[in-house]
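**Student:** Could you work out the structure for the sequence below:
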Amino acid sequence: MALKRGSSGLGTQRNKSAGSSFPIVILIFCSFLAPLIFFVGRGLYASTSVDHNDFSTTSSKQDIDWRERLALQQIKPLLTKEAIIMHTFQVIDIIKASTDDLGPLSLDSLKKNNLSASWKFVGQEIVAKKSAADAKVNKPNQVAAADSKPEITRGKRDGPVDGDHSQFVDSTAKSARRQLRERRREKRAADLVKRDDDVTVKLENAAIERSKSVDSSVLGKYSVWRKETDNDNTDSTVRLMRDQMIMARVYISIATMKKKLDLTRDLQARLKESQRALGDSGSDADLTRSAHEKMKAMGQVLSKAREQLYDCKLVTTKLRAMLQSADEQVRGLKRQSTFLSQLAAKTIPNGIHCLSMRLTIDYYLLPPEKRKFPRSENLENPALFHYALFSDNVLAASVVVNSTIVNAKEPEKHVFHLVSDKLNFGAMNMWFLLNPPGKATIHVENVDEFKWLNSSYCPVLRQLESAAMKEYYFKASHPNTLSAGSSNLKYRNPKYLSMLNHLRFYLPQVYPKLNKILFLDDDIVVQKDLTGLWSVDLHGKVNGAVETCGQSFHRFDKYLNFSNPHIARNFDPNACGWAYGMNMFDLKEWKKQDITGIYHKWQNMNEDRVLWKLGTLPPGLITFYGLTHPLDKSWHVLGLGYNPSIDRSDIENAAVVHYNGNMKPWLELAMTKYRPYWTKYIKFDHPYMRSCKLSE
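**Tutor:** Okay, the predicted model is just below:
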């Protein structure tokens, strides 16, 4: 009994011990592991169900049953105290590793589908692969059953068998997120770089535009902005030889000063050799074979001179002196160029002189009855479109008339009033008698037959006849060299001494019956119908002209002497200038304002040329000051006689193009690209043109 009792007591104690520990295990399981397994299982199921809505309901239920059975089988061997503790820490590590990257793991977050696109895909695939691997290890029969499912399911469950699940999930997920962050950073960096490039391009373009507005001069060959400097080897030999020659001259001067006669002779000899080798070469391709040898020999002598003579201050002084000398030479050459261009501008080509002489001879051979033009009744009809053209150049006048008629919509309504001098009067008549302007009316007059235009009435004629003016123009002691004579040559042009040039200030006296008249220079070409000018409202002004004050040198202070109190008191130095060459004059308003009287007043005050130099634009600016209405710039484009950079579209859209400047289209020095606008209106196949060898 005792034994039984004792054994019963031991058994009872063991049962109590077992009974006392079992509730603890159950409590730990129920309080921690069971909810954990439940949430992990539910989370995996939710993640799988969110991204795979195409799975059937039956397949989802089978996955749930399979995972629950797998979880129960994994729990049974873990129900010891040590195992529970160990697995508890493992589970905590797994949860920590997952939450570090995924954030707090909850059923709500999975249901709301708050994961990024990369997380949804990677998490689902890894869980499915791990589950399939565990199922293959622990439940071969179930794996075989699972393999009988559709192939798409097997594909998603295939995965690595070995390795810790938490580490695999952690490393793969972090890698995916890291790659995603890197891609985002690269994209942001690329956007910032592109934005910086756009800003840089805008700044560069703005700087280029500012540089164009600051300096419009033509850059020389050695400008750093030219294309030649893009390649260091472009004509490097020529440039090096020129630099050597400059330094040789510097050292020759220093060697002579320090009495280094042997070195001076060596430098002079090498300098002559380099000059002969270089010649007129502008590029390396033009150099002779011996040029490189001469360059090396010069380099050796310069090296020797540098060792013996180099002194920074002395060399700098010599170079500065050479620069000043070269600058003076350039200014002298510019003066010579100006003199020659002015000389060429006032000459008449042989062909035009021949044409004028032949036409004059034939005109005076005509009987008087054949020298008259038809439709003379239109000359004083104010309802027609009247033009005033004063010229001594037959060919130029023919281009003006021909281009106007060709582009006119109603040629029969156009009337041309031509005035020439005694020398060219016959030639001008003969040309238009042989080549009448279609249905238009034309009339030619001789300025020398205007008896009212005399020195007692006209201040310019009186001044031209004065002794002071004759001395200014024709004094024998005036310098006649190219450089010294260029300053006054411009004002010795015959046009400034001709009354044809000043006749524009007497339009109401020449044409008393007309109300409006369009004045044209003989160096213009008409490209469009001009009848619209007669309907332009001048708003009570006398002169309708295109303003030229877009550039600073076309303002009043360029033409008038504002140091004189009469000029400074009456005019604004910044007032806009305007162009002679195509001007619409209201002759009625002209008479009311007494424009000719104003012109006479200022011309008398300028007898000693203290207000302006000779010419017609300065007195025109003064006379029509405050009486000029600006026309649209498309009516009149200027500069074809001096400006090589006029926009082609501006020329082609202009009603009138003007070859103002020295490079007239009938001269050899005319700019080639502008000449076709003028030559297209010349009949080069005309017998007179062929006999005088006038051609394009």
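
**Student:** which residues of the stretch 251-400 of the chain fall in strands?
**Tutor:** Ranges of strands within the stretch 251-400 of the chain are 385-390, based on DSSP state E, counting those that start in this stretch.

**Student:** Tell me how many other residues crowd the closest residue to Phe385 other than its chain neighbours.
**Tutor:** Closest residue in space to Phe385, ignoring its immediate chain neighbours: His414 at 5.0 Å, by CB to CB, 6 or more residues apart in numbering. Quick note: C-beta positions are derived from backbone N, CA and C, even for glycine. For His414, the neighbour count with other CB atoms under 10 Å is 26.

**Student:** need the contact list for His414.
**Tutor:** By CB atoms under 8 Å, 6 or more residues apart in numbering, His414 lies in contact with Leu384, Phe385, Tyr387, Thr404, Ile405, Ala408, Pro437, Ala440, Thr441.

**Student:** Between those residues, which sits nearest Trp452?
**Tutor:** The closest of these to Trp452 turns out to be Tyr387 (CB to CB; 22.1 Å).

**Student:** I figured the closest one was touching Leu518, is that so?
**Tutor:** Yes - assessed by CB atoms under 8 Å, Tyr387 is found in contact with Leu518 at 5.2 Å.

**Student:** Val415 should be in a strand, yeah?
**Tutor:** Yes - assigned with DSSP: H, G, I helix; E, B strand; the rest coil, Val415 falls within a strand.

**Student:** any idea how far the closest residue to it other than its chain neighbours is from Phe416?
**Tutor:** Closest residue to Val415 in three dimensions, ignoring its sequence neighbours and counting by CB to CB, 6+ apart: Thr441, at 4.4 Å. As judged by CB to CB, to the nearest Å, Thr441 and Phe416 stand 7 Å apart.

**Student:** try Lys516
**Tutor:** Lys516 is 15 Å from Phe416, by CB to CB.

**Student:** what do you get for Leu560?
**Tutor:** Leu560 is 33 Å from Phe416, by CB to CB.

**Student:** Which of Lys516 and Phe416 has more residues huddled nearby?
**Tutor:** Phe416 (24 against 19).

**Student:** For that one, give the beta-bridge partners.
**Tutor:** With DSSP bridges applied, the residues forming beta bridges to Phe416 are Tyr387, Ile442.

**Student:** which residues touch it?
**Tutor:** Tyr387, Leu389, Val401, Thr404, Pro437, Ala440, Thr441, Ile442, His443.

**Student:** give me the element the fourth one is part of.
**Tutor:** It stands for Thr404. Using DSSP states H and E, the element containing Thr404 is helix 394-406.

**Student:** Would you mark the buried spots in that helix?
**Tutor:** Val394, Leu395, Ala396, Ala397, Ser398, Val399, Val400, Val401, Asn402, Ser403, Thr404, Ile405 (16 or more other CB atoms under 10 Å).

**Student:** The fourth one is in contact with Met428, isn't it?
**Tutor:** If I follow you right, that is Ala397. Yes - counting by CB under 8 Å, Met428 is a contact partner of Ala397 at 6.4 Å.

**Student:** What distance do you get for Gly426 to Arg358?
**Tutor:** Counting by CB to CB, the gap between Gly426 and Arg358 amounts to 11 Å.

**Student:** Show me the helices in the stretch 501-650 of the chain, by range?
**Tutor:** Taking DSSP state H, counting those that start in this stretch as the test, the helices found in the stretch 501-650 of the chain are 507-510, 556-559, 565-570, 587-593, 595-605, 617-623, 648-653.

**Student:** Among those, which comes closest to Gly661?
**Tutor:** Of the helices of the stretch 501-650 of the chain, nearest to Gly661 by CB to CB is helix 617-623, at 13.0 Å.

**Student:** Residues in contact with that closest one: which ones?
**Tutor:** 504-505, 556, 559-560, 571, 575, 577-578, 580, 595, 598-599, 602-603, 606, 611-612.

**Student:** 7 Å - rerun?
**Tutor:** Phe556, Tyr559, Leu560, Gly577, Tyr580, Ile595, Ile598, Tyr599, Trp602, Gln603, Trp612 (CB atoms under 7 Å, 6 or more residues apart in numbering).

**Student:** now those residues as CSV including neighbour count and pLDDT?
**Tutor:** Shown next, in CSV, are the contacts of helix 617-623 (neighbours: other CB atoms under 10 Å; pLDDT from 0 to 100):
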residue, neighbour count, pLDDT
Phe556, 20, 89
Tyr559, 20, 87
Leu560, 24, 90
Gly577, 21, 90
Tyr580, 19, 91
Ile595, 22, 95
Ile598, 17, 95
Tyr599, 23, 94
Trp602, 19, 94
Gln603, 20, 91
Trp612, 18, 87
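
**Student:** could these go into a markdown table alongside distance to Ile352?
**Tutor:** A markdown table is the format used below for these (distance: CB to CB, whole Å):
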| residue | distance to Ile352 |
| --- | --- |
| Phe556 | 35 |
| Tyr559 | 30 |
| Leu560 | 34 |
| Gly577 | 31 |
| Tyr580 | 23 |
| Ile595 | 34 |
| Ile598 | 36 |
| Tyr599 | 31 |
| Trp602 | 35 |
| Gln603 | 31 |
| Trp612 | 31 |
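
**Student:** And the residues you listed, which is closest to Met295?
**Tutor:** For the contacts of helix 617-623, the nearest to Met295 is Tyr559 (52.4 Å; CB to CB).

**Student:** I'd say the closest one and Trp612 touch.
**Tutor:** Yes - counting by CB atoms under 7 Å, Tyr559 does reach Trp612; the two are 6.0 Å apart.

**Student:** Helices of the stretch 351-500 of the chain, residue ranges please.
**Tutor:** Here the stretch 351-500 of the chain has its helices, by DSSP H, counting those that start in this stretch, at 394-406, 425-434, 459-464, 467-474, 486-489, 494-497, 499-502.

**Student:** mean pLDDT for these: which is lowest?
**Tutor:** Least confident of the helices of the stretch 351-500 of the chain, judged by mean pLDDT, is helix 486-489 with a mean of 52.

**Student:** Starting from Gly639, give me the distance back to Lys647.
**Tutor:** Small correction: residue 647 is Asp, not Lys. Distance from Asp647 to Gly639, by CB to CB: 11 Å.

**Student:** For the closest residue in space to Ile517 that isn't next to it in sequence, give me its contacts.
**Tutor:** Nearest residue to Ile517, sequence neighbours excluded (CB to CB, 6+ apart): His386, at 4.8 Å. Contacts for His386 (CB under 7 Å, 6+ apart) come out as Val415, His417, Leu514, Ile517.

**Student:** Which PyMOL command selects the buried ones in those?
**Tutor:** Buried subset of the contacts of His386, written as a PyMOL selection, criterion 16+ other CB under 10 Å:
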select buried, resi 415+417+514+517
